[in-house]
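> no sequence on this one, just coordinates:
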């Protein structure tokens with residue numbers, strides 16, 4: 001059966017995520033060095049480790065895991081919404097952000113002003129937000145595929161943060177359907193969120209293809225939903241999962257050739 005629809009993940013599939021977060025930590029580390037005398041390399045490494053540790057121990061971790069909100073996203077997301085989960089996360093994140101950067105300073109034995117953590121937290125959020133950008137070839141690929149395929153976006157995360165990223169990407173007009181896990185209370189790899197998008201597009205699983213960087217969420221989720229998958233290997237966002245994609249690529253520009261070969265094989 002021919003492929004009629006292509007579902008794309010967002011973070012580290014179409015938009016750079018992990019690398020931008022690392023760049024932002026490096027920027028804040030330089031600010032911490034200038035303002036408070038921190039050793040920047042150590043500060044960046046410590047801040048990332050502290051962020052992950054506090055997030056893993058936090059009371060909001062189960063909710064974050066269920067819809068795909070990372071430790072680093074908790075440093076800059078607004079988490080708007082009236083639900084108890086979003087309200088709790090929004091309130092928890094205030095102290096979390098300050099603690100991450102305060103502890104990164106005090107770990108070096110720096111006696112810092114009371115507002116140092118809040119200052120660096122605000123610097124992180126503003127810088128991370130300003131540095132959003134696409135993976136190489138993302139816009140060209142959307143323009144190339146959109147006349148022939150129904151394109152959709154399937155992204156895990158908080159509703160307001162993912163919608164902000166989508167708007168910043170400038171790609172929204174290419175998609176016939178968009179699903180943000182936080183808007184549905186269910187995220188990849190559960191098949192229901194994939195089924196929702198298939199219904200929106202009016203295609204079957206056999207007529208769809210999923211493209212994503214996460215083996216655990218994108219590729220396993222596609223497999224759960226009976227959808228073929230392409231795994232894009234993005235340095236810095238690799239993970240281990242007991243699942244194999246149908247195709248593996250290192251750049252978005254490889255996708256048209258895969259589609260061409262797939263359809264050619266069906267004609268023979």
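Great, that's in hand. Here the structure is a predicted model, which means the values were calculated and not measured.

> wouldn't residue 214 be in contact with residue 188 here?
Yes - contact status for residue 214 versus residue 188: in contact at 7.4 Å, counting by CB atoms under 8 Å. All C-beta atoms are positioned from the backbone trio N, CA, C, and that covers glycine.

> So those two - more neighbours on which side?
residue 188 (27 against 24; other CB atoms under 10 Å).

> do you know how far the more buried one is from residue 216?
The spacing between residue 188 and residue 216, counted by CB to CB, to the nearest Å, is 9 Å.

> Mutual contacts of residue 214 and residue 188, please.
Taking CB atoms under 8 Å, 6 or more residues apart in numbering as the contact criterion, the common neighbours of residue 214 and residue 188 are residue 9.

> Excluding chain neighbours, what is closest to residue 25?
Nearest-residue entry for residue 25: residue 44, 4.4 Å, with adjacent residues in sequence omitted and distances by CB to CB, 6 or more residues apart in numbering.

> Report the contact partners of the one you found.
22, 25, 26, 28, 29.

> and the second one, how far is that from residue 56?
As for residue 25, its distance to residue 56 is 17 Å (criterion: CB to CB).

> For the chain, which segments count as helices?
Using DSSP state H, the helices of the chain run over residues 18-36, 40-57, 61-67, 84-106, 116-130, 138-145, 159-169, 181-184, 191-201, 220-224, 255-267.

> in the longest one, what counts as buried?
Same thing as helix 84-106. Residues of helix 84-106 classed as buried under the neighbour-count rule (16 or more other CB atoms under 10 Å) are 85-86, 89-90, 92-93, 96-98, 100-105.

> Now the two most distant members of these.
85 and 105 (30.8 Å; CB to CB).

> related to what we said a few turns ago, in a markdown table, list the helices of the chain along with distance to residue 249.
A markdown table is the format used below for those (distance: least, CB to CB, whole Å):
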| stretch | distance to residue 249 |
| --- | --- |
| helix 18-36 | 17 |
| helix 40-57 | 27 |
| helix 61-67 | 27 |
| helix 84-106 | 34 |
| helix 116-130 | 27 |
| helix 138-145 | 11 |
| helix 159-169 | 20 |
| helix 181-184 | 24 |
| helix 191-201 | 20 |
| helix 220-224 | 15 |
| helix 255-267 | 7 |
